[in-house]
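Asker: one predicted model, sequence on top.
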Amino acid sequence: MDTFFWILSKVLWELVSPHNLALILLLLGVVFIWGQRQRLGRSLLSLAALMLLTFSLFPVNVVLLKPLEERFTAPSELPENISGIIALGGSEKARITMNRGQPSFNKASERVLTFVALARRYPDAQLVYASGPGKLSQQNSDPADTARQLFEQLGLGLNRIRFDSKSRNTVENAVNAYQILGGEPEGNWVVITSAYHMPRVVGIFRKVGWNIIPYPVDYQTSGEWKYDWRFGKISNFVEFSKVLHEWLGLTVYWMTGKTSEFFPRPQSS
């Protein structure tokens, strides 16, 4: 049943994510314009154009993204003793890696690079790399294998790392890592993920029973309320869909009891 709802959620989001929805409206509008429903077709085309203009020209994505990235800051200093380090996957291009024979990553590769840097800084820390088939298109490939290849190239011993290759979402990242370690982890544990994703990660890990030190990376905003006004910046539309997905994730996970609070805050607060 969990697999069914996971697949259903992925399919539904692909249909209703704003940038895909605009494309669907555009296609339907063209079909109706050339058919018998010209008035409806014009309405759908106008709505698609409005969505493209609004989310490409105006900084809606930045307004929604900045609070997520500002919620937790990377620690200026870490404790002298770190029990373990967990990096969440999501930056791997597993299919390209599998077909090309060399590790390939997207722009969130800071997750992996920071993991390697901290692993070398704390040679006695336990290491967990949590990645799995989080996308429907990844079912025939292993994202964690991409990280394995990179770790070998960078000289990080694989015998130090415990891999979670089965997690399909953030909840399973936390639960599976908990099980891999064989019980409640003690001491200071650093968790690495993208800054915009960190609030949801903290809420989930706290709910499962972890006491973690958030280490956000992969920032998408500069921290300033400045915006590069450029007409036709379609990438803003895609970024808006991504950040909307994160806010929806926070909402749904909180409503279903998977997080400790809706918008987790630093413990020092």
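Answerer: That came through fine. Numbers count the residues shown, from 1 in each chain.
Asker: list the contacts of residue 68.
Answerer: Counting by CB atoms under 8 Å, 6 or more residues apart in numbering, residue 68 makes contact with 195, 196, 197, 198, 199, 243, 246, 247. (Each C-beta comes from the backbone N, C-alpha and C, glycine too.)
Asker: just those residues now: which is nearest residue 25?
Answerer: residue 243 (20.7 Å; CB to CB).
Asker: part of a strand, is that closest one?
Answerer: No. Counting by DSSP: H, G, I helix; E, B strand; the rest coil, residue 243 falls outside a strand, being helix.
Asker: now, the contacts of residue 68 that are in strands?
Answerer: Judged by DSSP state E, the subset of the contacts of residue 68 located in strands is empty.
Asker: got the residues you listed as CSV, with distance to residue 38 columns?
Answerer: Listed next are the contacts of residue 68 as CSV, based on distance: CB to CB, whole Å:
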residue, distance to residue 38
195, 47
196, 42
197, 44
198, 48
199, 46
243, 35
246, 38
247, 37
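Asker: how about the helices of the stretch 101-250 of the chain, start to end?
Answerer: For the stretch 101-250 of the chain, applying DSSP state H, counting those that start in this stretch gives helices covering 110-121, 143-153, 170-180, 198-208, 234-255.
Asker: and the gap between the nearest residue to residue 250 once chain neighbours are set aside and residue 206?
Answerer: Spatial nearest neighbour of residue 250, excluding adjacent residues (CB to CB, 6 or more residues apart in numbering): residue 200 at 5.3 Å. Separation of residue 200 from residue 206 (CB to CB, to the nearest Å): 11 Å.
Asker: shared neighbours of the two, anything?
Answerer: 259, 264.
Asker: the more surrounded of those two?
Answerer: Neighbours per residue, other CB atoms under 10 Å: of residue 200 and residue 206, the larger number sits with residue 200, 25 against 17.
Asker: what subset of the contacts of residue 68 is buried?
Answerer: Using 16 or more other CB atoms under 10 Å as the burial test, those include 195, 196, 197, 198, 199, 243, 246, 247 as buried.
Asker: so how many other residues sit close to residue 12?
Answerer: Residues near residue 12, counting by other CB under 10 Å, number 10.
Asker: so where does it fall, helix or strand?
Answerer: Following DSSP states H and E, one finds residue 12 within helix 2-16.
Asker: okay, angle between the helix or strand that comes right after that helix and helix 234-255 too, please.
Answerer: Sequence-wise, the next helix or strand downstream of helix 2-16 (DSSP H and E) is helix 18-33. Orientation of helix 18-33 against helix 234-255 (axes from the mean of the first three to the mean of the last three CA atoms, to 10 degrees) gives an angle of 110 degrees.
Asker: and helix 18-33, what does it pack against?
Answerer: With contacts taken as 3 or more CB pairs under 8 Å, 6 or more residues apart in numbering; DSSP states H and E, helix 18-33 sits against helix 2-16, helix 38-57, helix 234-255.
Asker: as TSV, those helices with mean pLDDT would be great.
Answerer: Below are the helices and strands packed on helix 18-33 laid out as TSV (pLDDT from 0 to 100):
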stretch	mean pLDDT
helix 2-16	67
helix 38-57	86
helix 234-255	86
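Asker: residue 112 is nearest to which of the ones you listed?
Answerer: Smallest distance to residue 112 across those (CB to CB): 19.2 Å, for helix 234-255.
Asker: which residues are in contact with that closest one?
Answerer: If you take CB under 8 Å, 6+ apart as the criterion, helix 234-255 is touched by 13, 17-20, 22, 51-52, 55-57, 59-61, 64-65, 68, 170-171, 196-197, 199-200, 203-204, 220, 259, 261-263.
Asker: can you select the buried ones from these in PyMOL?
Answerer: Per 16+ other CB under 10 Å, the buried members of the contacts of helix 234-255 correspond to this PyMOL selection:
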select buried, resi 17+18+19+22+51+52+55+56+59+60+61+64+65+68+170+171+196+197+199+200+203+204+220+259+263
